[in-house]
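Visitor: structure, please.
(one chain, ligands or ions: 1)
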Amino acid sequence: MCFSVVSVVLLLFILWMLVVKFRRQSHRRTDGVAKENNKPEAVFPKLLHSLYKLFFSTVSPTISGPRSLPLLGNMLDLAQDHLPIHLTALAKCYGNIYRLNCGSTTMVVLNNSEIIREALVKKWSDFAGRPHSYTGDIVSRGGRTISLGDFSEEWKAHRRVTHSALQRCTTDSLHSVIEKQAQHLCQVLRDYSGKAVDLSEDFTVASSNVITTLTFSKAYDKSSAELQKLQECLNEIVSLWGSPWISALDSFPLLRKFPNPPFSRLMKEVARRDELIGKHIEEFKKSEHKEGGTLTSSLLKCLEPQQGAANHTTLTDTHVHMTTVDLLIGGTETIAALLNWTVAFLLHRPEVQDKVYEELCCMLDVRHPQYSDRHKLPYLCALISEMLRLRPVAPLAVPHRAIRNSSIAGHFIPKNTIIIPNLYGAHHDPEVWDDPYSFKPERFLEGGGGSLRSLIPFGGGARLCLGEAVAKMEMFLFTAYLLREFKFLPASKEEPLPELRGVASVVLKVKPYTVIAHPREQ
Ligand code: HEM
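Guide: Just a heads-up that it's a prediction; the model follows:
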């Protein structure tokens, strides 16, 4: 009863706002066509169209989905605390492709790797867009990040230039940068002298240092106030932006008129982020590394006018700034979360660590691991693949947008439909994976039945994770160094082992836990 009253009041309020909006719009227009529309009868078809969009989905009627409530649509589904698990459960009822409504937006959720591949890889040019959103524009300075920018000539130039700069760094220096961080991380763990600790911050510092070294030739100590400020601010932005309080503003514009403390915090953190990164770039421009082979120096060079080249790029200082944001956000919490998941799962199956350790000792003897050793270390590689399968740290990738009318799995998908690739669901599909919820690295050994083709933790197509090569090298070297040097033991016999469901926001993280890093005898 109470719910119905609230719904009716909200509906009346929205109707009133729409009438006011259309009346204002029609008064503002002055051209001939607009004068036609000034007639009150032209306002109402538009009003009806908006209401129609609000209530009814326009995707193929053959795509089913959970019941959509008046006005709220499927907001309650989208506000679930572990969205990837909830979306995967919905796939059991509605199939591998289903629809959700949110305000006037229609979303199509894809839950199996073949369907995801069809949209992201085979039909990449139809689905390479990103949704335009009010809050996304605030976080990305009007869509000027690679991750949130829509598919356009400017975005393509931005991605191309960053991709080549990253490739150059990967060839020239990435291996030694990661090795240095892996050795430093091992030293930090040795210094704990067998104490039970939460390692998540150490993993964050190590992965963040890889990115700051690549971009600015700078690495930080865990105690650095500068690093702490930056990490705090980026984490806060990611977690606030993933919260339903903020996403609701994209689907229900009227809510922007009301006070929203999480949104005010988001604005404050974005301003703080821009101040911190801006300071870094200005310091870098003055430093001796300016001419060196870092990613930022390559990007800054692209902005300089080339002799004889007419307007060679549309990129600006803002793009360089936002590339740093993209790489720091994309490249820090993902790797840290995956390392943290790996240790958590290894505590549940300690014999896996022993097998990796034996393989490392047998193949490398006393030598440090190199990325080129990966072909000799199948068990270690199987462990990494299994972690990427079980806990894809970007479980719902980043939403895509259909930039033209298209189809997926034979269903009509109109332009502007939002596509959610449920990578978590695809990696737990019982049709593809035997015993999908169990931690079994052996499935990726020869004859184990695990399908590398169905493993899509980095997405695919035009929007394939830009840091895939960096991430693979980091995962390999960090895991090899850690498992070579330490045996991870539970904090105590009394404490329960880490909980493995995790907390899902933009990044899927394990809940905090403590662990003992016991040094192996060398
Ligand atoms: C295990 C680690 C990682 C995983 C699982 C991962 C996964 C993903 C996924 C699923 C996407 C979205 C793809 C899509 O929209 O279809 C993505 C995008 C992106 N990732 Fe990663 N990522 C990882 C590490 C990194 C690293 C280390 C960097 C930077 C060095 C990075 C930078 C980016 C960027 C810039 C994008 C946006 C690409 C675009 O929109 O064109 N990621 N990542």
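Visitor: drop to CA atoms for contacts and neighbour counts, all remaining ones
Guide: OK.
Visitor: pLDDT below threshold where in the stretch 51-200 of the chain?
Guide: Applying pLDDT under 70 to the stretch 51-200 of the chain flags the ranges 51-61.
Visitor: nearest to the ligand: which residue in the stretch 51-200 of the chain?
Guide: Ser147 (3.4 Å; Cα to the nearest ligand atom).
Visitor: show me the contacts for that residue.
Guide: The contact partners of Ser147, by Cα atoms under 8 Å, 6 or more residues apart in numbering, come to 326, 398.
Visitor: output the longest helix belonging to the protein.
Guide: Ranked by residue count under DSSP state H, the longest helix found in the chain is helix 317-348.
Visitor: what helices or strands is that one leaning on?
Guide: helix 200-216, helix 261-286, helix 295-303, helix 378-390, helix 468-485, strand 486-490, strand 508-509 (3 or more Cα pairs under 8 Å, 6 or more residues apart in numbering; DSSP states H and E).
Visitor: and of the ones you listed, who's closest to Ser113?
Guide: helix 378-390 (11.5 Å; Cα to Cα).
Visitor: tell me what angle the closest one forms with helix 317-348.
Guide: 110 degrees (axes from the mean of the first three to the mean of the last three Cα atoms, to 10 degrees).
Visitor: just how off-centre is helix 378-390 within its chain?
Guide: In terms of Cα atoms, centre = their mean, to the nearest Å, the centre of helix 378-390 is found 20 Å from the chain centre.
Visitor: same question, stretch 467-478
Guide: Worked out by Cα atoms, centre = their mean, stretch 467-478 lies 16 Å from the chain centre.
Visitor: do that stretch and the ligand meet?
Guide: Yes. Stretch 467-478 lies within reach of the ligand by Cα under 6 Å from any ligand atom, at 467-468, 470-471.
Visitor: what's next to that stretch, contact-wise?
Guide: 170, 174-175, 178-179, 182, 207, 327, 330-331, 335, 339, 369-371, 374, 380-381, 384, 458.
Visitor: now the buried members of the residues of stretch 467-478 next to the ligand.
Guide: Among the residues of stretch 467-478 next to the ligand, those buried by neighbour count (16 or more other Cα atoms under 10 Å) are 467, 470-471.
Visitor: so can I have JSON lines of the residues you listed showing pLDDT?
Guide: Formatted as JSON lines, those follow (pLDDT from 0 to 100):
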{"residue": "Gly467", "pLDDT": "97"}
{"residue": "Val470", "pLDDT": "97"}
{"residue": "Ala471", "pLDDT": "98"}
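Visitor: any idea which of those is the one closest to Met75?
Guide: Taking Cα to Cα as the measure, Met75 sits nearest to Gly467 out of those, at 31.7 Å.
Visitor: show me what residue of the stretch 301-450 of the chain gets nearest to the ligand.
Guide: For the stretch 301-450 of the chain, Cα to the nearest ligand atom, closest residue to the ligand: Gly331, 3.4 Å.
Visitor: just to revisit the earlier point, which of the contacts of stretch 467-478 count as buried?
Guide: Counted by 16+ other Cα under 10 Å, those give 170, 174-175, 178-179, 182, 207, 327, 330-331, 335, 339, 369-370, 374, 380-381, 384, 458 as buried.
Visitor: how about the residues of the stretch 201-350 of the chain near the ligand?
Guide: 326-327, 330-331, 334-335.
Visitor: what's the end-to-end length of stretch 394-405?
Guide: From its first residue to its last, stretch 394-405 covers 27 Å (Cα to Cα, to the nearest Å).
Visitor: list the contacts of that stretch.
Guide: 84, 125-131, 147, 334, 412-424, 457-459, 506-508.
Visitor: please apply the same query to stretch 275-291.
Guide: 216-217, 230, 297, 321, 324-325.
Visitor: pull the number of nearby residues for Phe439.
Guide: 17 (other Cα atoms under 10 Å).
Visitor: and it, what is it in contact with?
Guide: Contacts of Phe439 by Cα under 8 Å, 6+ apart are 345, 386, 390.
Visitor: element containing Glu351, please.
Guide: Per DSSP states H and E, Glu351 falls inside helix 350-364.
Visitor: any idea how far Leu346 is from Asn340?
Guide: Taking Cα to Cα, one finds Asn340 at 10 Å from Leu346.
Visitor: wait, I meant Glu358
Guide: Using Cα to Cα, Glu358 is found at 15 Å from Leu346.
Visitor: of the two, who's got more company?
Guide: When neighbours are counted by other Cα under 10 Å, Glu358 and Leu346 differ, and Leu346 comes out ahead with 19 against 16.
Visitor: so which helix or strand of the chain has the lowest pLDDT on average?
Guide: helix 32-38 (a mean of 35; mean pLDDT, DSSP states H and E).
Visitor: which residues touch the closest residue to Ser207 other than its chain neighbours?
Guide: Counting by Cα to Cα, 6 or more residues apart in numbering, Ser207 lies nearest to Thr332, which is 5.1 Å off, once chain neighbours are set aside. Applying Cα under 8 Å, 6+ apart to Thr332 gives the contacts 204, 207-208, 211.
Visitor: how near is Thr332 to Lys376?
Guide: Separation of Thr332 from Lys376 (Cα to Cα): 28 Å.
Visitor: can you check Leu199 too?
Guide: From Leu199 to Lys376 the distance is 28 Å (Cα to Cα).
Visitor: same thing with His158?
Guide: Distance from His158 to Lys376, by Cα to Cα: 37 Å.
Visitor: higher neighbour count, these two?
Guide: His158 (23 against 13).
Visitor: other SSEs contacting the helix or strand hosting the more buried one?
Guide: Here His158, judged by DSSP H and E, is contained in helix 153-169. Judged by 3+ Cα pairs under 8 Å, 6+ apart, the packing partners of helix 153-169 are helix 295-303.
Visitor: and the helix it packs on, what's buried?
Guide: Here helix 295-303 shows 295-300, 302-303 as buried, counting by 16+ other Cα under 10 Å.
Visitor: and stretch 214-231, by the same measure?
Guide: 214-217, 219-220, 222, 227-228, 230-231.
Visitor: in JSON lines, list those residues along with pLDDT.
Guide: As requested, the buried residues of stretch 214-231 are exported to JSON lines (pLDDT from 0 to 100):
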{"residue": "Leu214", "pLDDT": "92"}
{"residue": "Thr215", "pLDDT": "90"}
{"residue": "Phe216", "pLDDT": "86"}
{"residue": "Ser217", "pLDDT": "88"}
{"residue": "Ala219", "pLDDT": "93"}
{"residue": "Tyr220", "pLDDT": "93"}
{"residue": "Lys222", "pLDDT": "91"}
{"residue": "Leu227", "pLDDT": "92"}
{"residue": "Gln228", "pLDDT": "92"}
{"residue": "Leu230", "pLDDT": "92"}
{"residue": "Gln231", "pLDDT": "91"}
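Visitor: ok, of those residues, which one's closest to the ligand?
Guide: Leu214 (9.1 Å).
Visitor: do I have it right that that closest one meets Gln167?
Guide: No. The pair Leu214 / Gln167 is not scored as a contact, 11.1 Å apart, by Cα atoms under 8 Å.
Visitor: ok, Ala517 - contacts?
Guide: The neighbours of Ala517, taking Cα under 8 Å, 6+ apart as the test, are 189-190, 192, 194-196, 486-489.
Visitor: where does it land on pLDDT?
Guide: With respect to pLDDT, Ala517 has a value of 98.
Visitor: one step back: next one: the residue of the stretch 51-200 of the chain closest to the ligand relative to His280, how far apart?
Guide: On the measure of Cα to Cα, Ser147 and His280 end up 21 Å apart.
Visitor: surely Arg453 is within a helix?
Guide: Yes. Counting by DSSP: H, G, I helix; E, B strand; the rest coil, Arg453 is part of a helix.
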